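In: The sequence and its predicted three-dimensional model are supplied below.
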Amino acid sequence: MKTAKIVFLSFSFLMFSEFVFSQKWHEIKSVEDVCKVYPDEMKRMLNNKFNLKYVGMEKVNESWEAGNLTEACTQLLEYYKNNNNAPHLRKSQPKKTNKTDAKADTILKNVFVIQNVKGQVPWCDDGHRDWNYKGPNNDPEWAWLSNRHDQINYVFDVYLKTGNPNYAIYIDEFLRDFIIKSMPYPGIKSNTSIWRGLEVAARVKVWSRIFYGLINSEYLSPATELLMLSSLADHAHYNRYFHAEDGNWVTMEMSALATVATNFPEYKNSEEWLNYSIEIMTESMEKQVYPDGVQTELASHYHNVSLSNFEMFKEICDRANKPLPPFFNETIEKMYAYLAHAVRPDGYRILNNDGDRGSDRELILRGAEKYNKPDWEYIATNGRSGMKPADGPSYFFPWAGQLISRSGFDENAQWSFFDIGPWGSGHQHNDKLHLSVVAYGRDLLVDAGRFAYTGEVAKKFRPYAQGSQGHNVLLIDGKGQAPGPLFAEEPISQKYWAITEKCDYACGSFDRFIGLKGLCQHTRHLFYDRGNFWVVIDQITTDRPRKIEALWHWAPDCRVDVKGDEVFTLNERGNLKIIPVGDQRWNITLVKGQEEPEIQGWYSKEYNKFEPNMTSIFSTEIESNSRFIWLLFPSESAYVNVKAEIVSETKEKLIIKVMGENHKEWLVTISY
């Protein structure tokens, strides 16, 4: 009994010691401290992670072989202070000042704004921050993005700008807390708040900047530096063995693996990591970028994510004198070309699939300078600089199945996006045949956006964001589209699209609807008379009577009204009128901010931001195969008197007369 009691007391003492150490982790600052408290971690680092025979590390190796752990770690830090690694990341230390930055000061209070949601990370009973904290909305996405460490990346930039020591001290303490709390490295594929591939990859890039940027600073403690060196090797191991198979994820993870491999060539596996990352990245580029330069997820937002990481990867390999295949740079150029040719007149990208309404203007201008493309500069600047393109102003991307129609390149140009492509390889919405419209500097017809992926916002709005009900398409018997093909196996034939000097044309079909009984196919034709109007023709092929609902979603700032069968905007500037052409009778309903019986009339321009917008729903009943014709007439002023009528209609051809103000007329012939 006495022996057992002693063992119990010893165990209790060990538990108490660990508790005390966890409470005083912030006091672990020196080489001696970290070697005393975490000797096994430091031994594992030197023995398993580093190549101590690497040129320049002779003193580290001598001390290690002599069994002097503290001296070996001291010499390791001396090596990093004085070697020539990562010169692009090393920074001269700023002159000390008391200057402050409001956003950074908020971060110093552990208040982080993640995807437009502000939350304060709480402290746990063990004295560490709660790195699993999911924000005020209990959203896993909040925790994931918080653990990418963009917040200290920002604080680091502010430190370099102001020289205020408080910012560097916070970074040091933040990293020490995080690494100690997240030890030991689990070494398994994970979806936790800390150990998930995207977060691991993002931290690598932030930490590399901070490690070399502060290596000669008095504010990054030796303990933190050693913990970073140990953990960075674990991060590389994770991205090497537990990365995604494809999509934008793998581009982020491989660019991170190459970052570690080239910034820290002293790791035992750095050469293998770099070679492996090149192999996977080149294979991935071939798989996830179509010949027309569009990333296969077909979400403009994630196209940019992949582009950024492909470009970063090439820069990494260039610095390491590691040549990449010629197609690698050619593909990056094509990806830039897509952005330049698809951009809206206001410089913002397409809002489609999972994405935000973000600006691509600066990105396009960077690409224009890099690849000497004055025509891209012309498009991005609305003709203020650069050289007018020899082609355009409309463009079709045959693998992505996207038609971009324009009246010109000026800031008041008419612009539309028409989607007849595949579903996409990731981040998809059920929105084939969707149409977005911009004119006179204003969004008019819009995609609903992405809202959120997880949390309460996603629970409420995610089905709407992904579903057909959030897009400008048709619902058949109340049913929306089901998922379609992930990839395009070949480009869309030119018999389905055309761009001429005066007009654009494209058409696509879809026949997969969720829970729909019987057979039904929707074919949509889009005709754009350049500088004047759009004509949309919806054909329904069906084996039984159907209820048809045509959805038209308006930008939130549009004032929308109805007169007869016409729906139109009454904006001060930039307007659109939707006119059904023909004898079909429609019931028109305007819906805004509806939650019951189902979500309808909502718009999200950015993640976690949403607001009501007007949706006009045209409803009708059909008995058999039917054709619906719509005139979409843009105007600068609030209301224009315009009408349209069918001149003749056959299975092969449609002729429409459009009559505008001042006796202006157009005769439109569309052949199927």
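Out: Sure thing, it's come through. Numbers count the residues shown, from 1 in each chain.
In: Can you classify the residue nearest to Arg406 when sequence neighbours are not counted as helix, strand or coil?
Out: Residue nearest to Arg406 in three dimensions, not counting chain neighbours: Pro393, with 3.9 Å by C-beta to C-beta, 6 or more residues apart in numbering. Using the backbone N, CA and C atoms, a C-beta is placed for each residue, glycine as well. Under the three-state scheme (DSSP: H, G, I helix; E, B strand; the rest coil), Pro393 adopts coil.
In: can you pull the contacts of Pro393?
Out: Arg406, Ser407, Gly408, Phe409, Ala413, Arg530 (C-beta atoms under 8 Å, 6 or more residues apart in numbering).
In: Save those residues as TSV, and put in neighbour count and secondary structure too.
Out: Below are those laid out as TSV (neighbours: other C-beta atoms under 10 Å; DSSP: H, G, I helix; E, B strand; the rest coil):
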residue	neighbour count	secondary structure
Arg406	24	strand
Ser407	20	coil
Gly408	18	coil
Phe409	21	coil
Ala413	21	coil
Arg530	18	coil
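In: Following element in sequence after the helix-or-strand element of the chain with minimal mean pLDDT, please.
Out: Least confident helix or strand, the chain: helix 2-23 with a mean of 36, by mean pLDDT, DSSP states H and E. Using DSSP states H and E, the helix or strand that follows helix 2-23 in sequence is helix 31-37.
In: Now do that next one: which elements does it pack against?
Out: Under the contact definition 3 or more C-beta pairs under 8 Å, 6 or more residues apart in numbering; DSSP states H and E, helix 31-37 sits against helix 69-82, helix 222-241.
In: So which elements touch the helix or strand just after the shortest one?
Out: The one in question is helix 69-82. Scanning forward in sequence from helix 69-82 by DSSP H and E, the next helix or strand is helix 102-107. The elements that helix 102-107 packs onto, with contact taken as 3+ C-beta pairs under 8 Å, 6+ apart, are helix 150-162.
In: hmm, who's touching the helix it packs on?
Out: Against helix 150-162 from outside (C-beta under 8 Å, 6+ apart): 91, 94, 97, 99-101, 103-104, 107-108, 112, 164, 167-168, 170-171, 174-175, 202, 206, 209-210, 213-214.
In: Could you export the helices and strands packed on helix 31-37 as TSV, including mean neighbour count, mean pLDDT and distance to Val31?
Out: Shown next, in TSV, are the helices and strands packed on helix 31-37 (neighbours: other C-beta atoms under 10 Å; pLDDT from 0 to 100; distance: least, C-beta to C-beta, whole Å):
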stretch	mean neighbour count	mean pLDDT	distance to Val31
helix 69-82	18	97	5
helix 222-241	23	98	5
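In: Just put those in JSON lines and tack on distance to Ile548.
Out: Conversion of the helices and strands packed on helix 31-37 to JSON lines gives the following (distance: least, C-beta to C-beta, whole Å):
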{"stretch": "helix 69-82", "distance to Ile548": "68"}
{"stretch": "helix 222-241", "distance to Ile548": "49"}
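In: Which of those helices sits closest to Tyr378?
Out: helix 222-241 (39.7 Å; C-beta to C-beta).
In: what angle sits between that closest one and helix 69-82?
Out: 80 degrees (axes from the mean of the first three to the mean of the last three C-alpha atoms, to 10 degrees).
In: Quick check: next helix or strand after helix 222-241?
Out: Heading C-terminal from helix 222-241, the first helix or strand you meet, by DSSP H and E, is helix 247-263.
In: my guess is Tyr80 meets Leu214, correct?
Out: No. With contact defined as C-beta atoms under 8 Å, Tyr80 does not count as touching Leu214 (11.2 Å).
In: shared neighbours of the two, which are they?
Out: With C-beta under 8 Å, 6+ apart, Tyr80 and Leu214 have no common neighbours.
In: My read is that Leu570 contacts Lys563, right?
Out: No. Contact criterion C-beta under 8 Å: Leu570 and Lys563 do not qualify, at 10.6 Å.
In: Just the buried ones among the contacts of helix 150-162, please.
Out: Buried members of the contacts of helix 150-162, scored by 16 or more other C-beta atoms under 10 Å, are 91, 94, 101, 104, 107-108, 112, 164, 167-168, 170-171, 174-175, 202, 206, 209-210, 213-214.
In: rewinding a little: between the contacts of Pro393, which is nearest Leu274?
Out: Phe409 (42.0 Å).
In: Let me see the contact set for the closest one.
Out: Phe409 sits next to Pro345, Tyr378, Ile379, Asn382, Gly383, Lys388, Pro389, Gly392, Pro393 when contact means C-beta under 8 Å, 6+ apart.
In: Asn48 now?
Out: The contact partners of Asn48, by C-beta under 8 Å, 6+ apart, come to Lys268.
In: Just confirm it is within a helix.
Out: Yes. The assignment for Asn48 by three-state DSSP puts it in a helix.
In: Quick check: it vs Lys268, distance?
Out: 8 Å (C-beta to C-beta, to the nearest Å).
In: Now do the residue lying closest to Tyr672 once chain neighbours are set aside against Glu661, distance only.
Out: Excluding its sequence neighbours, the residue lying closest to Tyr672 (C-beta to C-beta, 6+ apart) is Glu652, at 5.7 Å. According to C-beta to C-beta, Glu652 and Glu661 sit 32 Å apart.
In: go on, Phe313?
Out: Phe313 sits 55 Å away from Glu661, going by C-beta to C-beta.
In: from memory Asn164 sits against Lys95, does it?
Out: No. The criterion here is C-beta under 8 Å, and Asn164 misses it with Lys95 at 10.5 Å.
In: What is the neighbour count of Thr259?
Out: 28 (other C-beta atoms under 10 Å).
In: need the contact list for it.
Out: Residues in contact with Thr259 (C-beta under 8 Å, 6+ apart) are Val204, Lys205, Ser208, Met312, Ile316.
In: if we go to 10 Å?
Out: Going by C-beta atoms under 10 Å, 6 or more residues apart in numbering, Thr259 touches 86, 89, 201, 204-205, 207-209, 232, 235-236, 239, 273-274, 277, 312-313, 316.
In: what's the farthest-apart pair in the contacts of Pro393?
Out: Using C-beta to C-beta, the two most remote members of the contacts of Pro393 are Phe409 and Arg530, lying 12.5 Å apart.
In: Find the residues that touch each one of Leu570 and Lys563.
Out: What both Leu570 and Lys563 touch, as defined by C-beta under 10 Å, 6+ apart, is the set Tyr639.
In: domain assignment for the protein?
Out: Listed by automatic domain parsing, the domain ranges of the chain are 1-37+84-242, 280-388, 392-639.
In: Nearest to Asn248 among those domains would be which one?
Out: Proximity to Asn248 (C-beta to C-beta) singles out domain 280-388 among those, at 4.5 Å.
In: distance between the ends of that closest one?
Out: Chord length of domain 280-388, first to last residue, is 38 Å (C-alpha to C-alpha, to the nearest Å).
In: So what's the residue count around Leu198?
Out: Look at Leu198: counted by other C-beta under 10 Å, it has 18 neighbours.
In: Low-confidence ranges, this structure, go.
Out: Flagging of the chain using pLDDT under 70 yields the residue ranges 1-23.
In: can you pull the buried residues of stretch 337-348?
Out: So for stretch 337-348, counting by 16+ other C-beta under 10 Å, buried means Ala337, Tyr338, Leu339, Ala340, His341, Ala342, Val343, Arg344, Pro345, Asp346, Gly347, Tyr348.
In: In three-state terms, how would Ser619 be classified?
Out: The three-state assignment at Ser619 reads strand, by three-state DSSP.
In: which residues touch the closest residue to it other than its chain neighbours?
Out: Spatial nearest neighbour of Ser619, excluding adjacent residues (C-beta to C-beta, 6+ apart): Asn587 at 4.6 Å. For Asn587, the contact set (C-beta under 10 Å, 6+ apart) comprises Glu549, Asp565, Ile617, Phe618, Ser619, Thr620, Glu621.
In: Any of those buried? List them.
Out: Among the contacts of Asn587, those classed as buried by 16+ other C-beta under 10 Å are Glu549, Asp565, Ile617, Phe618, Thr620.
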